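In: structure for this input, please:
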Amino acid sequence: MRNFVLFGAFFMLAIGAFFFNGMRPTAHAQSGAGSVMMTIEVAGEANGLVTIELLADVAPLHVAQISTLAKEGKYDGVVFHRVIDGFMAQTGDVQYGLNGGDTSYAGRGGSDYDNIQAEFSEIAFDRGVVGMARSQNPNSANSQFFIMFDAGHFLNGQYTVFGRVTEGMDVVDAIKLGLGPNGAVIGAPDYMAKVTIAE
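Out: Residues are numbered from 1 along each chain as shown. Below you'll find the predicted structure:
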């Protein structure tokens, strides 16, 4: 059974945390560090396509897991559960974040795969950078990720960068903002209608 707790202060503001307790099967790793692109079809108040270049040469383990989940359709219908104006939009809780279901626990879940060892780099958290959410444990990233609205350099070297938006930042900017505690979205959140991978 999984045990999840939300953190306060830096970690809640930064990404929305979740603890994981247990073992999961490991996602299949991709060979090489070729160009991998992820396209997210956003639906809700924001509508349109967001294209993200996945940085397999920077964070191969994270790109492999994200790609596997996307190819399996696990991200389809998952909500943007935490959206903080001027900071970031967070999504990817494939366990508790399915649109149309009870998303009150969104942000506390992960996937059936193992958590991922940190792959920190020198890439700065600038506008459009995509990073992995995690708990206080640096090696606890799993399926949740966030897209930066603006620079957040206090995250540099603390969270794994695995991608950057190449098209569709106007769509990201239009994602419904969270007006609840710590940026929680109240009412019907925007969501990822379809997520695809092209290699």
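In: and Arg49, what element?
Out: Actually, residue 49 is Leu. It isn't Arg. strand 48-54 (DSSP states H and E).
In: give the buried residues for the helix or strand following that strand.
Out: Sequence order places helix 60-71 as the next helix or strand after strand 48-54, per DSSP H and E. By neighbour count on 16 or more other C-beta atoms under 10 Å, the buried set for helix 60-71 is 60-70. All C-beta spots, glycine's among them, are computed from the backbone N, C-alpha and C.
In: do stretch 72-81 as well
Out: 74-81.
In: dump the residues you listed to CSV, plus pLDDT and secondary structure.
Out: Rendered in CSV, the data for the buried residues of stretch 72-81 read as follows (pLDDT from 0 to 100; DSSP: H, G, I helix; E, B strand; the rest coil):
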residue, pLDDT, secondary structure
Lys74, 98, coil
Tyr75, 98, coil
Asp76, 98, coil
Gly77, 98, coil
Val78, 98, strand
Val79, 98, strand
Phe80, 98, coil
His81, 98, coil
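In: could you single out the nearest of those to Phe87?
Out: Closest approach to Phe87 among these (C-beta to C-beta): Phe80, at 12.8 Å.
In: could you list every residue that touches the residue nearest to the closest one when sequence neighbours are not counted?
Out: Nearest non-adjacent residue to Phe80, counting by C-beta to C-beta, 6 or more residues apart in numbering: Thr91, 4.6 Å away. Contact analysis of Thr91 by C-beta atoms under 8 Å, 6 or more residues apart in numbering lists 75, 78-81, 97, 144-146, 191-192.
In: next: Met38.
Out: 51-52, 54, 66-67, 70, 163, 195-198.
In: mind putting those residues into CSV with pLDDT and distance to Glu45?
Out: Compiled in CSV, the contacts of Met38 are given as follows (pLDDT from 0 to 100; distance: C-beta to C-beta, whole Å):
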residue, pLDDT, distance to Glu45
Thr51, 98, 20
Ile52, 98, 20
Leu54, 98, 26
Ile66, 98, 24
Ser67, 98, 28
Ala70, 98, 23
Gly163, 98, 23
Val195, 98, 18
Thr196, 98, 22
Ile197, 98, 25
Ala198, 96, 27
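In: thank you, goodbye.
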